[in-house]
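Colleague: what follows is a protein structure lacking sequence information:
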């Protein structure tokens with residue numbers, strides 16, 4: 001569908017960003033001249049809709065940010081801004097951040113009846129650059145919660161930027177591997193008195209003599225879950241396998257030999273990590 005839309009809408013495939021991919025439809029973002037957009041609009045099975053600022057934030061994000069009475073205000077008022085174009089240069093990111101900050105400050109000052117005037121924008125929020133995006137977070141744990149119309153106006157000031165494709169609630173992510181272990185072993189926490197709901201481990205089934213393959217962002221071999229004091233396998237594309245290693249028997253460095261985000265290390269640790277005080281779902285397995 002990406003190739004078809006690129007052809008019919010007179011643009012390159014890399015200029016189309018996927019926003020939603022469902023069984024009934026796939027939605028892309030694209031910057032098009034009016035002639036190209038008009039050409040698309042006359043094609044069967046294609047619909048062209050102007051990308052307005054409020055389309056850049058989903059209903060789910062609104063509900064999580066403003067509809068949860070249980071969460072604290074510092075947990076609710078966290079927003080992540082994602083750019084339309086991947087891999088922007090540092091200069092481009094700095095320019096977008098500077099422009100967006102001007103919009104935020106102007107909005108804060110202009111909405112006299114909504115945003116608190118006894119405090120400055122920087123007293124309430126911190127606005128930072130992040131990889132391929134921006135973060136708008138409460139400035140401290142003593143966060144003074146501004147009225148909802150004020151926050152909505154700030155979000156809209158971010159969404160009007162044509163470099164921005166998505167503004168979403170930036171949830172606080174916590175890892176719960178200790179919970180995942182009993183869930184995948186039957187979802188009976190506490191039913192087995194000596195194993196806290198880990199019947200496989202109770203029977204000695206911990207993935208021994210098995211190799212689990214993980215394709216992700218990379219792996220920190222220095223992690224205590226995977227460290228091998230006797231050495232490590234080559235981190236390259238040679239496909240070298242060394243079954244004598246403690247945990248990692250092969251590292252195919254498809255992109256590079258590092259884990260830039262930590263996601264791959266977390267996932268591999270969930271599957272096969274082993275530490276003296278804790279373990280993953282199959283601690284006896286190698287990767």
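Modeller: Structure's in. What do you need? Given the structure is predicted, the values throughout are model-derived calculations rather than measurements.
Colleague: drop to CA atoms for contacts and neighbour counts, all remaining ones
Modeller: OK.
Colleague: from the middle of its chain, how far away would stretch 262-274 be?
Modeller: Taking the mean of its C-alpha atoms, stretch 262-274 sits 17 Å from the chain's own mean (C-alpha atoms, centre = their mean, to the nearest Å).
Colleague: ok, stretch 13-32 next?
Modeller: Taking C-alpha atoms, centre = their mean, one finds the center of stretch 13-32 at 18 Å from the center of the full chain.
Colleague: cool, stretch 246-253 as well?
Modeller: When distances are taken as C-alpha atoms, centre = their mean, stretch 246-253 is centred 26 Å away from the chain's centroid.
Colleague: where's residue 60, which helix or strand?
Modeller: Using DSSP states H and E, residue 60 sits within helix 59-66.
Colleague: helices or strands up against whatever helix or strand comes next after that helix?
Modeller: Next in sequence after helix 59-66, counting helices and strands by DSSP H and E, comes helix 73-76. With contacts defined as 3 or more C-alpha pairs under 8 Å, 6 or more residues apart in numbering; DSSP states H and E, the packing partners of helix 73-76 are helix 59-66.
Colleague: so for the helix it packs on, mean pLDDT?
Modeller: Taken as a whole, helix 59-66 has a mean pLDDT of 83.
Colleague: what comes up buried for it?
Modeller: Buried residues in helix 59-66, counting neighbours by 16 or more other C-alpha atoms under 10 Å, are found at 61, 64-66.
Colleague: do stretch 200-208 as well
Modeller: 200-201, 206-207.
Colleague: can you check stretch 257-268 too?
Modeller: Residues 257-258, 264-268 are the ones in stretch 257-268 that count as buried (16+ other C-alpha under 10 Å).
Colleague: what does the helix holding residue 60 rub up against?
Modeller: 76-78, 148, 168-169 (C-alpha atoms under 8 Å, 6 or more residues apart in numbering).
Colleague: tell me which two of these sit farthest apart.
Modeller: The most widely separated members of those, counting by C-alpha to C-alpha, are 148 and 168 (15.5 Å).
Colleague: isn't there a strand covering residue 134?
Modeller: Yes. Per DSSP: H, G, I helix; E, B strand; the rest coil, residue 134 lies within a strand segment.
Colleague: give the burial count for the spatially closest residue to it that is not a sequence neighbour, as a bare number.
Modeller: Among residues not flanking residue 134 along the chain, residue 81 sits closest, at 4.9 Å (C-alpha to C-alpha, 6 or more residues apart in numbering). Here the number of neighbours of residue 81 (other C-alpha atoms under 10 Å) works out to 25.
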